[in-house]
Structure formats: structure tokens, C-alpha cells
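**Q** Here is the input, now give the coordinates:
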Amino acid sequence: MTDLPDYEELAAHLSDLQEKSELWHSTICSSFLSEEEQGAMKKYFPASDHIVYDGGYAGARKKKIIFRYDGEDTSSDIVCISAKIDQRFRKIGHRDILGALMHLQIERSSFGDFWIEDENIYLYTSETMAGFLIDNLIRINQLSVSFERIEEKPVQVFHTKRLETVIASERLDAMVAGLTHCSRSKAKEMIQHSLVQINHVPVDRPDITCKEDDVISIRGTGRFTFKGITRKTRNDRIAAVFLQDI
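**A** Alright, predicted model coming up:
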């Protein structure tokens, strides 16, 4: 018997959670899913009153799927913990925090988004994991930290820059060529080699027409949100506007 592909295994696991929610008449939460996992799961579990994608705050990138037996139930096991830090003598960054978390030998799916803002670390996790992290996540790259649970739901601000590029059309290969400054043939090759995602789902068709607010992720180049067409050029090409994550 061969192993199921990862996404099929994940879908089967989530299907079990959904069945338990219905059987036990209760709300059940998955682990945190990456954006790519969310994109893959949405065809199996589209958002509805009973299926909610939640990362603890509006705009979160890592999210859980919450199966709710009662569509009016708003309960969730997602909580936020925070630590004040003094970086005058030792600077830490995102990679340092991730390294400290991985050193605790916990699964990446056991916590969601985390970031540093105004000398505070904010980290979203589950109710059950919060106590463990508060007790054990006490040092990050030789900087002592003390986490506590907070009731607020801080929102991470993702920084972007606006860019405009002239492209042949709204086809995916044309957009990838414009964003990476390569030929259409090279862009097609990148797409066919699974180096491009639309809305966090890998695609292999160069002729897909991109829509406004589609997120185009290109491995090795970056992540871009298509915001629309501003004008046509004299040689009948179009100027497309994107917001690029920085």
C-alpha cells in the first residue's frame, strides 16, 4: 500500500475532525495550516457558517480550520501570548524566534503568526500550547523573555510596495514574465515546474487569466497581489499594478 500524498492525508485528517464535530455536536479546531495548505484544503472544505478559517486576527496568514456544529457558535481555541523585550544590547528577529520554538521540539503547526512590534513579541497559538510556551520559551538567542497570555488580538501589519509593470495580457505567463523580467517562454517553464502559485495553490497552466486581488507567488522572486490595470500603452500592451510584499 502506497502512502497518500500529503494533502490527501491532511484532507482525510480534517474530514475525521469534521465528522467528530458533527457526531459530538461540538466545535473542533485543526492545527495551524500554512497558506499553501489552506489553499489546497478550500476545495475540500469551503468556508461556510460551519467551516471557518481563523488565525486569531483579521488578515492572519497561518490559520486553523474550525468546524462548528452550531453555525452561530464563535468559540475558538486560538489565543495570543506576548513578551516585552529590550533589544538595546541584543537584537533578535523572526528567524531567532522560529529557531527558539523549533528548539522546543514542537510541531510548526502548533503555533500561528508571530512577529516583533514596538519591543513586544506577539505569538498566536492554541489554548493548550500557550501554557507550555509560557513555561518553556524563556530565552531567544541568549535574550531572556517572559511570555504571558493577553486578551487583546493584535494585528500584524504586512508591508508592501506598489509597482507597475507593462505586460502583454492578464495571462499568468505574461504576468510572471513582467514580474521576473524574463521571456514568456521562460515564464511558462517556471509555471510548468511548479514554481508559481495563485492564491497559494501551485498551478501548471500558463494560460490562466489572473483576476484582481489574486496573489501570485513566484519562488525566488516574491509575492505579489494583482490590483488591476491602469492603462493601455500605444503598442496595445497593458500597465498592471501590483503590491509586492517587502
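
**Q** Check which helix or strand the closest residue to residue 186 other than its chain neighbours maps to.
**A** Leaving aside its sequence neighbours, residue 186 sits nearest to residue 177 (C-beta to C-beta, 6 or more residues apart in numbering; 7.2 Å). Using the backbone N, CA and C atoms, a C-beta is placed for each residue, glycine as well. Assigned by DSSP states H and E, residue 177 belongs to helix 172-180.

**Q** Next, the angle from the next helix-or-strand element following that helix to helix 172-180.
**A** Counting by DSSP H and E, the next helix or strand C-terminal to helix 172-180 is helix 184-192. On the basis of axes from the mean of the first three to the mean of the last three C-alpha atoms, to 10 degrees, helix 184-192 is oriented at 110 degrees to helix 172-180.

**Q** Could you list the residues in contact with whichever helix or strand comes after helix 184-192?
**A** Moving toward the C-terminus from helix 184-192, the next helix or strand (DSSP H and E) is strand 196-198. When contacts are defined by C-beta atoms under 8 Å, 6 or more residues apart in numbering, strand 196-198 is touched by residues 36, 39, 172, 176, 190, 202-203, 208, 210, 214-219.

**Q** got a winner among these for most neighbours?
**A** Highest neighbour count within the contacts of strand 196-198, by other C-beta atoms under 10 Å: residue 176, with 26 neighbours.

**Q** measure the nearest residue to it once chain neighbours are set aside to residue 241 for me?
**A** Excluding the flanking residues, the one nearest residue 176 by C-beta to C-beta, 6+ apart is residue 187, at 3.9 Å. With distances taken as C-beta to C-beta, to the nearest Å, residue 187 is found 19 Å from residue 241.
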